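Asker: Predicted structure and sequence below. I'll ask about it afterward.
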Amino acid sequence: MIDYLKKLLTLVLRSTPVRIALFLGIVLIIFISVGGLQLFHPSKKPSKAPDFVSFFSDTTSLVKDEYVERINPAEKFPKAFSGLLGELDKFSTYLEPSQTEIYNLYIQNKTCTCGIYGIRLSGYFLITDVLEGSPAQKAGVEPGYIIRMINGKSIFGLSYWQMLLSLLSVQPREIELIICKELTDIPKEIKLRTVLPQDHSLFKPLEKDIFLLTLPRIDNEHISYLEKRFKKDIPPGKPLKLIIDLRHYDNGDLESFLRLSRLLFTHSVSLTLKKKNVNQMLFPFSENGRKYDAVVIVDKSTIMYGELLAHLFHANRQNGKMGNITLIGDKTRGFASELVQIVLEDGSSILLTEGFFYLNEKNPAKTGVEPDIKIKSNASSTILDRCISILKNSHG
């Protein structure tokens, strides 16, 4: 079969560009579905793997020699690896060297941003939220817009991480977006300037006994700050009502997530991190925690550890042992996994799913969280007033 495909490839490469594109697409699908995954486990050496690895190498050489235009496989074929990883799940992806640099700064909260949050939808980037006071908000960008191009390049088919990192930069710079309300609308061009991230108040009083807890980053620095504020501002016995905002997620780590969970939850929930060769039981609760009423804000930008927190609140809402808990906003999208970054020799890297979380034996990545009260994205400016009203009428 391999010899037949090689002969067919030589003929196709002398045909029309449309046939060439179609054939290469079929080749990639075959490689992904049958043999591509073996590249990650070369030591196992399955009997069929060498043929397909050889075929993929021969395909690269033939395209380079026979294609009508001169191409550099090092520039073109990373997209093939992106397609390969995209077939695994919605979390794993390939990052080019420039995006690897941005990602490494992003996890340290050191990248410049324009304030846009969103999801991958129909191959493009749907804006689900815009940070208040950000360059995007000042330019009139609103939730519901679809980004089609960034800096003159189509983003169609890129992974979520590739799209997100394209909206960030190492230094403040101007980025050019092509956006539209619907894919059938005439797109318009908008220019934004990325800026260094601003420190937003993580914990502040709104009214008597009502506090706003904002959780964009779930890392050691932010959780240490919250632990100190809880001890300082909320002494034992004081009535406690919280508005917990899980939108605008900007990264985090597992240990910080567990520390925060022990600060917020008093009831045991079965949470397991399932990896390839081991299952790790997690204990996201404290026996000495306190009871409180809370309104938890979620939407499609609630991802990763923010997504897991939303599931924990949903589970505790159902058992009723913490106080009155209400989820408000839009349904989350189940975007949660444990990722590992593998840096390659050329400076590029792979984000690979290392484990899935299971809550009460169910994988949150398959479901998402449905809020108790649905709020449209265009009503987000009044959502805090709604939360305060709910808490004032609660009797936990």
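Answerer: Thanks, I have the structure now.
Asker: what about R120, how many neighbours?
Answerer: R120 has 21 neighbours, counted by other Cβ atoms under 10 Å. C-betas here are computed from N, CA, C, even on glycine.
Asker: Show me what it bridges to in the sheet.
Answerer: Beta-bridge pairing for R120 (DSSP bridges): F125.
Asker: Tell me who's in contact with R333.
Answerer: By Cβ atoms under 8 Å, 6 or more residues apart in numbering, the contact list for R333 reads 119, 300, 303, 307, 368.
Asker: In strands, which of the residues you listed appear?
Answerer: Using DSSP state E, I119 are the members of the contacts of R333 that sit in strands.
Asker: Tell me which entries of the contacts of R333 lie within helices.
Answerer: Judged by DSSP state H, the subset of the contacts of R333 located in helices is E307.
Asker: how far away is the residue minimising distance to the centre of the chain from G83?
Answerer: Central residue of the chain (Cα atoms, centre = their mean): I303, 5.6 Å from the mean position. Separation of I303 from G83 (Cβ to Cβ, to the nearest Å): 22 Å.
Asker: And for L164?
Answerer: Between L164 and G83 the computed distance is 18 Å (Cβ to Cβ).
Asker: just I375 next, same as before
Answerer: Distance check for I375 against G83: by Cβ to Cβ, it reads 36 Å.
Asker: same deal with I102?
Answerer: Computed as Cβ to Cβ, the I102 to G83 distance reads 21 Å.
Asker: Check whether the residue nearest to the centre of the chain really touches L339, as I assumed.
Answerer: No - contact criterion Cβ atoms under 8 Å: I303 and L339 do not qualify, at 11.5 Å.
Asker: For the top strand by length along the chain, give me every contacting residue.
Answerer: Using DSSP E, we find that the single longest strand of the chain is strand 349-359. Applying Cβ under 8 Å, 6+ apart, the contact partners of strand 349-359 are 40, 85, 88-89, 91-95, 100, 103, 161, 269-276, 280, 308, 311-312, 315, 336-344, 363-365.
Asker: hmm, 7 Å instead?
Answerer: Under the contact criterion Cβ atoms under 7 Å, 6 or more residues apart in numbering, strand 349-359 has outside partners 85, 88-89, 91-95, 100, 161, 269, 271-275, 308, 311, 315, 336-344, 363-365.
Asker: Export only the CA atoms of it, formatted as CSV.
Answerer: Extracted in CSV, the C-alpha atoms of strand 349-359 (Å, rounded to 0.1, in the frame of the first residue of the first chain):
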residue,chain,number,x,y,z
SER,A,349,7.2,23.2,22.3
ILE,A,350,4.3,20.8,22.7
LEU,A,351,1.5,21.2,25.2
LEU,A,352,0.4,17.7,25.9
THR,A,353,-2.4,16.5,28.1
GLU,A,354,-0.8,14.6,31.0
GLY,A,355,-4.0,13.8,33.0
PHE,A,356,-7.8,14.3,33.2
PHE,A,357,-9.7,15.3,36.3
TYR,A,358,-12.6,13.2,37.5
LEU,A,359,-15.2,14.6,39.9
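Asker: Give the next helix or strand downstream of that strand.
Answerer: Sequence order places strand 373-374 as the next helix or strand after strand 349-359, per DSSP states H and E.
Asker: all helices of the chain, in order?
Answerer: 2-12, 17-30, 49-66, 73-76, 78-86, 97-106, 135-138, 160-166, 220-233, 254-264, 304-319, 383-392.
Asker: Can you check what angle separates the fifth one from strand 349-359?
Answerer: Going by axes from the mean of the first three to the mean of the last three Cα atoms, to 10 degrees, helix 78-86 is angled at 10 degrees with respect to strand 349-359.
Asker: List the contacts of N279.
Answerer: T272.
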